[in-house]
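# below: sequence and its predicted model.
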Amino acid sequence: MLEHLTVVRHPLVQHKLTLMRDKTTSTGGFRRLLREISLLLAYEITRELDMTSCTIETPLERMEAPILDGKKLALISILRAGNGLLDGILELVPAARVGFIGLYRDPDTLQPVQYYCKVPAELEDRMVIVVDPMLATGNSSVAAIDLLKKAGARNLRFLCLLAAPEGVARMKAAHPDVPIVTAAVDSHLDDHGYIVPGLGDAGDRMFGTK
């Protein structure tokens, strides 16, 4: 079992994260880096997938070889910024089932408001990885995992690019059974609920919007 919080300190992860933080990085560059870093983070978060074995024929002989077991894993993107991580992970696990949860943060209360939810069937039999680049207040992440547990999910992971201590604490209090994998835990949240020093709004930087 992964620890509640895993910070991936691989040199390539940290290098790419620094480039993403830089405000001069272009929209196209940010999007490419997010896809690349998601592959590296996905390697960490999928290290405990269930395995079995099957009999295959190599060019030389028959052998028992390891292969993934059980239902295909489910990737759940918290819209819209989660799609940047989703695209990269799907390159690594193209057979994964995909779901989407639409949440936006009320600018006054900082509480999540749901506007969409479509997730794969049989979540109770799948590892479910929830993806969102930023774990800030933790309110949206907690709300998304609440929805997934109601839908039957039992084996959950949360993958983000950046986290704030406040978001990590909120998630641990609400869902201590859900491990978090991230590239960094930053200093704090500002008065508007943004991660500091952070990298700005991940969705705006990925899609070129403001």
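Happy to help now that I have it. Numbering: from 1, shown residues only.
# which residues of the chain score low on pLDDT?
1-2, 210 (pLDDT under 70).
# show me where it has helices.
With DSSP state H, the ranges of helices along the chain come out as 11-21, 27-45, 82-92, 139-150, 165-174, 202-207.
# tally of neighbours for the residue lying closest to Leu161 once chain neighbours are set aside?
The shortest distance from Leu161 to any non-neighbouring residue, by C-beta to C-beta, 6 or more residues apart in numbering, is to Pro133 (4.2 Å). Just so you know, the C-beta spots here come from the backbone N, C-alpha and C atoms, and that holds for glycine as well. As a burial measure, Pro133 scores 28 neighbours (other C-beta atoms under 10 Å).
# related to what we said a few turns ago, Val128 is nearest to which of the helices of the chain?
Among the helices of the chain, the nearest to Val128 by C-beta to C-beta is helix 139-150 (6.0 Å).
# off-centre distance for the closest one?
13 Å (C-alpha atoms, centre = their mean, to the nearest Å).
# looks like Ala153 contacts Glu124 (just checking).
Yes. Ala153 is within contact range of Glu124, at 6.7 Å (criterion: C-beta atoms under 8 Å).
# ok, the two, which is more surrounded?
Ala153 (24 against 13).
# from Arg62, how far out is the more buried one?
Here the criterion is C-beta to C-beta, to the nearest Å. By it, Ala153 lies 38 Å from Arg62.
# what of Gly99?
From Gly99 to Arg62 the distance is 39 Å (C-beta to C-beta).
# the more surrounded of the two?
Higher neighbour count among Gly99 and Arg62: Gly99, with 22 against 9, using other C-beta under 10 Å.
# and the more buried one, how close does it get to Glu64?
34 Å.
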